[in-house]
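**Q** kindly return the folded structure for what I paste below:
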Amino acid sequence: MEQHHSSGSSEKHQTDANAAEEVAKGLHPHQNLKLLVVKGYPGKRFPHWMLPNLTKVDLRDCLNCSCLPVLGNLLFLRTLFLHGMPSLKHIGPEFYGEDTRQLFPSLEELVLIDFIILQEWLGPDGKDAFPKLSKLIVKKCPKLTSMPLLASLQHLELRECSAVLFNSIRCASSLTVLAVEKVPDFSPLSGGSIVNNPLLSSLEIIACPGLCFLPSESGNLTALKSLKIHWCEELSSFRQGFQNLKALEFLEICDCHGIISIPEGIESLGSLRSLSIENCDSLTSLPLSLKNLTCLEHLTIMNCPKLVSLPADMHQLSALQSLTILSCPQVLSLPEELQYITTMHRGVVLA
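**A** Model (predicted):
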């Protein structure tokens, strides 16, 4: 039945798309409009509306769209949200427009989500673009392999994309926040995008099965304050450079079933305030040097079934405010000395 009706269905979609484009052409939004939201537009191309005062554009679920509208000449556009365009293969000159010396001069945040066949995102020829873009989120763009130079980018999230795209990034030196999720074959060494960045303060790596170890070069991240690693089941070790993360304040390791132990070098993380280790099935021990983390305020260990005991002398954690031990069945008791930590205000939970 589907094959029998495919031709007629295609013709109907084309008719609907043409009709939608004609209707859109007949609309005349006010030129002072600042916010434009378009959802479910069935046309293949957007109309050429003259809306010079837009500050935010949100285009969602435009399933037939094969070409983005001209937006590069909008002088006041600060936020651009593009979501759900499964027919778009390329982003190129049509996106930027002509007769403009600087493109997207005010754009600060750009979000691209659910472009399942998008293959390339080209920059403009011989022109500056995105001079103020500080935040970029790219999600569910599995075939995208390139993006233009984004020299001012500070916050980058790549989720459900390819490692090829990550390796092509040319904005590493300006990044302060990087989140990578569900990127097959991801490696922090690729292209030097992470390990040579002196400004990076937050790194989040989620569900990247290709991550087997944190390279020793990660010690170059001298400004890193927050490190979160979740669902990286092949991660088994931290290389020596880990101990050079002197600025690190928050460390989360969750659902990393290949980790057997935390390195003794953790004592060098003198700024660490919060440590959380959760759902690490192979973890058998914590380092004895844990006691030397004199700035540690919060310690959480959850769902680590092979963890046998806590290290001795934990009462030396002079700044500790909360200690939570949950679902660690082999940890039968806590060190008695913990009662002498005067800073503890949330108490100890053992269950």
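**Q** list the residues that contact Ile259.
**A** For Ile259, the contacting residues are Leu235, Ser236, Ser237, Ile253, Cys280, Ser282, Leu283, by Cβ atoms under 8 Å, 6 or more residues apart in numbering. Quick note: C-beta positions are derived from backbone N, CA and C, even for glycine.
**Q** any idea how far Pro184 is from it?
**A** As defined by Cβ to Cβ, to the nearest Å, Ile259 lies at a distance of 20 Å from Pro184.
**Q** and the contacts of Ile259, which is closest to Leu227?
**A** Of all these, Ile253 has the smallest distance to Leu227: 8.6 Å, by Cβ to Cβ.
**Q** show me how to select, in PyMOL, the buried members of the contacts of Ile259.
**A** Restricted to buried positions by 16 or more other Cβ atoms under 10 Å, the PyMOL selection for the contacts of Ile259 reads:
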select buried, resi 235+236+253+280+282+283
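**Q** tell me which of the contacts of Ile259 is nearest to Thr294?
**A** Using Cβ to Cβ, Ile253 comes nearest to Thr294 of the contacts of Ile259, at 20.8 Å.
**Q** isn't Cys328 up against Ile301?
**A** Yes. Using Cβ atoms under 8 Å, Cys328 is in contact with Ile301, at 6.1 Å.
**Q** where in this structure is pLDDT low?
**A** Per-residue confidence for the chain (pLDDT under 70) gives these ranges: 1-15, 99-100, 126, 171-172, 189-195, 240, 346-351.
**Q** run the chain-centre distance for stretch 137-146.
**A** Centre-to-centre, stretch 137-146 and its host chain are 12 Å apart (Cα atoms, centre = their mean, to the nearest Å).
**Q** only the buried residues of it, if you could.
**A** By neighbour count on 16+ other Cβ under 10 Å, the buried set for stretch 137-146 is Ile137, Val138, Lys139, Lys140, Cys141, Leu144, Thr145.
**Q** can you check stretch 266-276 too?
**A** By neighbour count with 16+ other Cβ under 10 Å, stretch 266-276 contains the buried residues Ile266, Glu267, Ser268, Leu269, Leu272, Arg273, Ser274, Leu275, Ser276.
**Q** pretty sure the fourth one contacts Asn292?
**A** No. Contact status for Leu269 versus Asn292: not in contact, 9.4 Å apart, counting by Cβ under 8 Å.
**Q** so the nearest residue in space to Ser268 that is not next to it in sequence, which state does it fall into?
**A** Ranked by Cβ to Cβ, 6 or more residues apart in numbering and with sequence neighbours excluded, the top spatial neighbour of Ser268 is Gln243, at 3.9 Å. With DSSP: H, G, I helix; E, B strand; the rest coil as the basis, Gln243 sits in helix.
**Q** can you give me every residue that contacts Gln243?
**A** Listed by Cβ under 8 Å, 6+ apart, the contact set of Gln243 reads Gly219, Pro263, Gly265, Ile266, Glu267, Ser268, Leu269.
**Q** now swap in Ile113 and tell me
**A** By Cβ under 8 Å, 6+ apart, Ile113 lies in contact with Leu82, His83, Gly84, Ile137, Val138, Lys139, Lys140, Cys141.
**Q** what's the separation between it and Asp61?
**A** 11 Å.
**Q** mutual contacts of those two, please.
**A** His83, Gly84.
**Q** so of the contacts of Gln243, which ones are in helices?
**A** Among those, DSSP state H puts none in helices.
**Q** and the strands in the stretch 1-150 of the chain, which stretches?
**A** 35-39, 56-60, 79-83, 90-91, 102-103, 109-113, 120-121, 128-129, 135-141 (DSSP state E, counting those that start in this stretch).
**Q** angles on the backbone of the residue nearest to Phe213 when sequence neighbours are not counted, please.
**A** With sequence-adjacent residues excluded and distances taken as Cβ to Cβ, 6+ apart, Phe213 is closest to Ser237, at 4.7 Å. The phi/psi pair for Ser237 (degrees, to the nearest 10) reads phi -150, psi 160.
**Q** contacts only, for Ser237.
**A** Contact partners of Ser237, counting by Cβ under 8 Å, 6+ apart, are Cys212, Phe213, Leu214, Ile259, Pro263.
**Q** so among those, which ones count as buried?
**A** Phe213, Leu214, Ile259, Pro263.
**Q** does the second one touch Ser236 like I think?
**A** Which is Leu214. No. Applying Cβ under 8 Å as the test, Leu214 and Ser236 come out as separate, 10.1 Å apart.
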